[in-house]
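Enquirer: Quick one, structure for this:
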Amino acid sequence: MSFAVLISGGLDSAILLGDALSREGSVFPLYIRCGLAWEPVEEEYLCRYLEALAGPALRPLTVLQQPVADLYGRHWSLSGSGVPDAATPDEAVFLPGRNVLLLAKALLWCHLNGVESIALGTLASNPFPDATPAFFSQMQAVVNQAVAGKVRIVVPFADMKKSAVMRLGKDLPLEHTFSCIEPRGTRHCGQCNKCAERRQAFLDAGLPDPTAYAS
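Expert: Numbers count the residues shown, from 1 in each chain. Okay, the predicted model is just below:
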């Protein structure tokens with residue numbers, strides 16, 4: 001069975017890919033480049049992570065372009081100004097319609113390349129409207145209808161808490177993952193919303209945090 005993973009540099013999708021490599025015949029990592037401020041650093045980490053997991057089941061990384069500057073304008077994710085800090089709620093990092101944009105392209109890529117499923121690392125705690133079972137079901141249906149396709153969206157971690165996912169990935173090279181939305185050079189800033197979430201994830205799972213934070 002062919003299986004694609006929609007991957008960023010972050011913990012959840014990285015662990016999803018690592019887990020899939022132990023279960024699936026061929027795993028295709030897909031990265032959607034949107035032009036967000038942190039993506040150049042994120043991609044560096046992702047390439048190192050994939051190199052660390054290299055093996056016969058892991059297919060080469062596919063990078064698809066989905067620029068959002070014409071939609072988001074001066075949004076903090078593009079400008080780097082007013083980035084949500086560690087004190088902000090998870091809702092502060094919402095990127096409008098992100099899964100609509102990512103999945104439209106990923107589902108079509110799978111259809112055109114004969115890949116049966118596309119997986120996301122969505123967790124039980126995800127608060128966003130484009131990460132619900134109803135959304136995924138309807139998105140799958142409408143894109144498949146458009147191309148007479150049969151590609152499935154799968155969310156293996158949808159009933160899992162972050163700590164359980166972290167423990168699932170405890171033996172993976174998580175030092176090569178990247179979670180920051182305001183990087184300092186090539187390092188995690190240590191002050192943004194996503195860095196705070198990352199610190200807490202390692203703490204809750206009882207795992208050592210290998211991340212070098214700038215502060």
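Enquirer: what's the least confident helix or strand in this structure, going by average pLDDT?
Expert: Within the chain, no helix or strand scores below strand 2-6, which has a mean of 93 by mean pLDDT, DSSP states H and E.
Enquirer: That strand pairs with which strands?
Expert: Paired strands of strand 2-6, with direction, are strand 26-33 (parallel), strand 117-119 (parallel) (DSSP bridges).
Enquirer: what's the closest of those strands to Cys195?
Expert: Closest approach to Cys195 among the strands paired with strand 2-6 is made by strand 26-33 (20.9 Å; Cβ to Cβ). C-beta here means a position set from N, CA and C on the backbone, and glycine is covered the same way.
Enquirer: Kindly present the strands paired with strand 2-6 as TSV, with separate columns for mean neighbour count and distance to Arg74.
Expert: Listed next are those as TSV, based on neighbours: other Cβ atoms under 10 Å; distance: least, Cβ to Cβ, whole Å:
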stretch	mean neighbour count	distance to Arg74
strand 26-33	21	20
strand 117-119	22	31
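Enquirer: For Phe136, find the nearest of those.
Expert: strand 117-119 (10.1 Å).
Enquirer: Mind checking what helix or strand follows the closest one in sequence?
Expert: Using DSSP states H and E, the next helix or strand after strand 117-119 towards the C-terminus is helix 133-147.
Enquirer: Check what contacts that next one and list those residues.
Expert: Taking contacts as Cβ atoms under 8 Å, 6 or more residues apart in numbering, the residues outside helix 133-147 that touch it are 99-100, 103-104, 107-108, 111, 120, 129, 149-153, 155, 158.
Enquirer: what's the answer for stretch 153-164, then?
Expert: Contact partners of stretch 153-164, identified using Cβ under 8 Å, 6+ apart, comprise 12, 16, 19, 103, 107, 117-125, 133, 136-137, 139-140, 165, 168, 201, 204-205.
Enquirer: Give me the buried positions along the least confident helix or strand of the chain.
Expert: Residues of strand 2-6 classed as buried by neighbour count (16 or more other Cβ atoms under 10 Å): Phe3, Ala4, Val5, Leu6.
Enquirer: Just give me the residue right at the centre of this structure.
Expert: Residue closest to the average C-alpha location in the chain (Cα atoms, centre = their mean): Ser8, at 3.8 Å.
Enquirer: Surely that one touches Leu30?
Expert: No - look at Ser8 against Leu30 with Cβ atoms under 8 Å: they stay out of range, at 10.2 Å.
Enquirer: do you know how far the residue of the chain most remote from its centre is from Arg187?
Expert: Distance from the C-alpha centroid of the chain peaks at Ala148, with 26.9 Å (Cα atoms, centre = their mean). In this view, Ala148 and Arg187 are 47 Å apart by Cβ to Cβ, to the nearest Å.
Enquirer: Check Cys110 too.
Expert: In terms of Cβ to Cβ, Cys110 sits 34 Å off from Arg187.
Enquirer: Looking at the two, which is more packed in?
Expert: For Cys110 versus Arg187, neighbours defined as other Cβ atoms under 10 Å are more numerous around Cys110 (26 against 15).
Enquirer: What is the particular helix or strand that has that one in it packed up against?
Expert: Element membership for Cys110 (DSSP H and E) is helix 98-113. Counting contacts by 3 or more Cβ pairs under 8 Å, 6 or more residues apart in numbering; DSSP states H and E, helix 98-113 is packed against strand 2-6, strand 26-33, strand 62-65, strand 117-119, helix 133-147.
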